[in-house]
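Could you work out the structure for the sequence below:
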Amino acid sequence: MGRHSLPDDSAPRTTGSPRARRRALVPATAVVVVAAGSVVALRGGLPFGTPCDGDSVRLKVVASPDMAPALNAVAERAREDGVRTDGKCLDVTVNAQPSSEVADSLAQRPADPGFQVWVPDSDLWVDRVTDERGSSLTAVSTLASSPIALGALHRAAETLGWPGRRYSWGTLTRAATTGGALRLGVADPVRSATGLLALARIDAADHKEAGSDDEAAARTAATAKLLYERTTEGDAQALATLPRDDSGAERGNPRRNQALFLSEQAAYAHNTKEDGGPALDLFHPTDGTAQLTYPYTLVDEESLTADESRAANRFMTLLDDTPGQRTLRDHGFRAGDGRADARLAGKAGARDPQPYAAAPADPPPAKELQALLGRWTITVQSARITTVVDAAPSMALPVPGQGGRSRMDLARNSLLKALSMFTPEDEFGLWKFATHLVGDRDYVEPAPTGRLGDRGAAGGTHRDELSAALGALPPVRRGATGLYDTTRAAYRRASATYPSGRFNALVIVTDGADAGPAGIGLDALVTALQRLTAPERPVPLIAIGIGPRTDRAALDRIVAPTGGSAHQVDDPSRIHEVILKAIMAAGRHGPR
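Presented below is the predicted three-dimensional model:
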């Protein structure tokens, strides 16, 4: 297999010194002996190299598939060397599992996750679990890092001017996705930190280079559409799309990608594998790369026994010391601070003047990533969303701290923001409801669900009609919250008019509980939704309650049969954020 020469200006190799931790742990090997009024700290309860034939402490670790082999090598060496923690043998088992799958599992609040340490490939998974689960994981140390770049087969890289030609994220992506000359693949941003962080850098570049936010959003949406055509479920599947050999047939196979967004470590593993296929060259964008961070994370720290806690700390010190860092480097990882290793980078496909040694860009805030995932789901799948808004008199109440603006004012403005995120190909509709709004009926339809780009009888687009309908959405003077009857009717309509090939959802915005006995009851509504829901035609119901009068327990019961989610906000101006987050979550858990 071909090998790359080293980068021209070789930098000294790093020694992998330990980095500052986010939370300090007491050294696991310290034994405190109290005798005759003195306290003596002893390091290493027993000398290294002693066979482990006594009691042992078992530590179960789950790691991302790229990191697991390196951790397993350190764990095996610890067993061979008889490494101990407080006099007991350290027995570490390492299992590989995609970080997105672990995050989804942990977010479901398992009673016993079955492992004590988790090493995902990015902090964003830890943030996601903490946000969705409502309790924190403890990220203790950054074990390693790996920048994200564009890797291309040599002939494809040459067409882009590698290594002399340098690109920003925006110009690189446009060069690789226009003209049909290059087949560029990426792992699904919903399931891959590499895919999501690459998309975030593309979006940041588009905002920097475009003349307006609308132009930037249009650029990112267009890129997302092109990338989605060659998106795979995960990182391993993306690598599997590269040619297995350098034959003309493999290169010409339209199912084979010629380039990928991937980490430097993944390129290193590919280029150094005996049967990995043709080697990759790396483009490192000039406007700052994103990076994977590999946080060493304790799972449910409070439930760990004293032995497990010390064992987790002991294993972390083995990974942080010089031999451990050397093992990580031998598997293609940089140190946790992101410093480039010239030899490692060269084997991965880097070469001057590509800026492979530049400092990474600051990671995007979690809120931005959530919004970006929502936009990705909407953009690549096309969406059909019907929004049902409470128009009961209580929606006229002012929101504290908002300058006298009412719940409806803020909700209306936030829904207009949400509407701006959808493309002309998406479908959107609007209902409003209150008891006895039209005779005995609790709802009306100011704007039927339709394609936003379609022209109406007056010559404007459906988006224009929706914007006008939202702007003219005042609360009624009399009435109450006719939630249950309206939800049944809206869900029945959404199910009956379900179009395949789109992301379908029903959004309910309300600030109160159902008005009571005049209409359908909660139990009957839940039964009706169970009958209307079909796995092959999913329509998740997203319920957003505003203020303290919301019946959250009822909303939780309503959304459960549909695979949707319930949310409660005090500030209605955040509704668009909640919608995007809920769409992202529903798209992640629903069928592809």
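
The closest residue to residue 451 other than its chain neighbours pairs with what?
Closest residue to residue 451 apart from its sequence neighbours, by CB to CB, 6 or more residues apart in numbering: residue 427 at 5.3 Å. For glycine as for every other residue, the C-beta is placed from the backbone atoms N, C-alpha and C. Beta-bridge partners for residue 427, by DSSP bridges, are residue 384, residue 451.

Against residue 288, how distant is the spatially most central residue of the chain?
The centre of the chain sits closest to residue 190, judged by CA atoms, centre = their mean, with a distance of 5.3 Å. From residue 190 across to residue 288, the span is 24 Å (CB to CB, to the nearest Å).

got it, and residue 164?
From residue 164 over to residue 288 the distance is 20 Å, taken as CB to CB.

Over to residue 157?
With distances taken as CB to CB, residue 157 is found 21 Å from residue 288.

So which of those two has more stuff around it?
residue 157 (23 against 19; other CB atoms under 10 Å).

Skipping its backbone neighbours, what lies nearest that one in space?
residue 281 is the one closest to residue 157 (CB to CB, 6+ apart), at 3.9 Å.

show me what contacts residue 121?
By CB atoms under 8 Å, 6 or more residues apart in numbering, the contact set of residue 121 is 64, 66-67, 99, 193-194, 263, 292-294.

go on, residue 145?
291-294, 333-338, 360.

Of those residues, grab the buried ones for ChimeraX.
The following ChimeraX line selects those of these that are buried, judged by 16 or more other CB atoms under 10 Å:
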select :291,292,293,294,333,334,335,336,338,360
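
isn't residue 202 right up against residue 226?
No: at 10.9 Å, residue 202 does not count as touching residue 226 under the criterion of CB atoms under 8 Å.

of the two, who's got more company?
Legend: neighbour count by other CB under 10 Å for residue 202 and residue 226, higher for residue 202 (25 against 16).

State whether the more buried one is indeed within a helix.
Yes: under DSSP: H, G, I helix; E, B strand; the rest coil, residue 202 falls within a helix.

Tell me the spacing between it and residue 289.
Residue 202 is 12 Å from residue 289, by CB to CB.

likewise residue 544?
With CB to CB as the criterion, residue 544 and residue 289 are 37 Å apart.

start to end distance for stretch 336-345?
Stretch 336-345 has its terminal residues 15 Å apart, counting by CA to CA, to the nearest Å.

buried set for that stretch?
336, 338, 340-342, 344-345.

List the ones among the contacts of residue 145 that fall in helices.
If you go by DSSP state H, the contacts of residue 145 have nothing in helices.

Tell me which helix or strand the spatially closest residue to residue 56 that is not a sequence neighbour sits in.
Using CB to CB, 6+ apart and skipping residues adjacent in sequence, the residue nearest residue 56 is residue 89, 3.8 Å away. Assigned by DSSP states H and E, residue 89 belongs to strand 88-96.

and stretch 534-549, how far out from the chain's middle?
The chain centroid and the centroid of stretch 534-549 are separated by 21 Å, computed with CA atoms, centre = their mean, to the nearest Å.

Any stretches of the stretch 251-400 of the chain with poor pLDDT?
251-252 (pLDDT under 70).

Please enumerate the strands of it.
When assigned using DSSP state E, counting those that start in this stretch, the strands of the stretch 251-400 of the chain occupy the ranges 259-263, 280-283, 291-292, 295-298, 383-390.

Show me the one of those strands that comes nearest residue 183.
For the strands of the stretch 251-400 of the chain, proximity to residue 183 was assessed by CB to CB; strand 259-263 is nearest, at 7.1 Å.

immediately after the worst-scoring helix or strand of the chain on mean pLDDT, which helix or strand?
Least confident helix or strand, the chain: strand 38-43 with a mean of 30, by mean pLDDT, DSSP states H and E. Once strand 38-43 ends, the next helix or strand along the chain (criterion: DSSP H and E) is strand 56-63.

In that next one, which residues are buried?
Buried residues in strand 56-63, counted by 16+ other CB under 10 Å: 56-57, 59-63.

what pairs with it, and is each one parallel or antiparallel?
Next to strand 56-63 in the sheet, as set by DSSP bridges, lie strand 88-96 (parallel), strand 117-119 (parallel).

Give me the distance between the first one and the centre of its chain.
Using CA atoms, centre = their mean, we find the averaged C-alpha position of strand 88-96 to lie 28 Å away from the chain's own average C-alpha position.

elements contacting the helix or strand just after that strand?
Downstream of strand 88-96, the next assigned helix or strand under DSSP H and E is helix 99-107. Under the contact criterion of 3 or more CB pairs under 8 Å, 6 or more residues apart in numbering; DSSP states H and E, helix 99-107 touches helix 123-133, helix 575-589.
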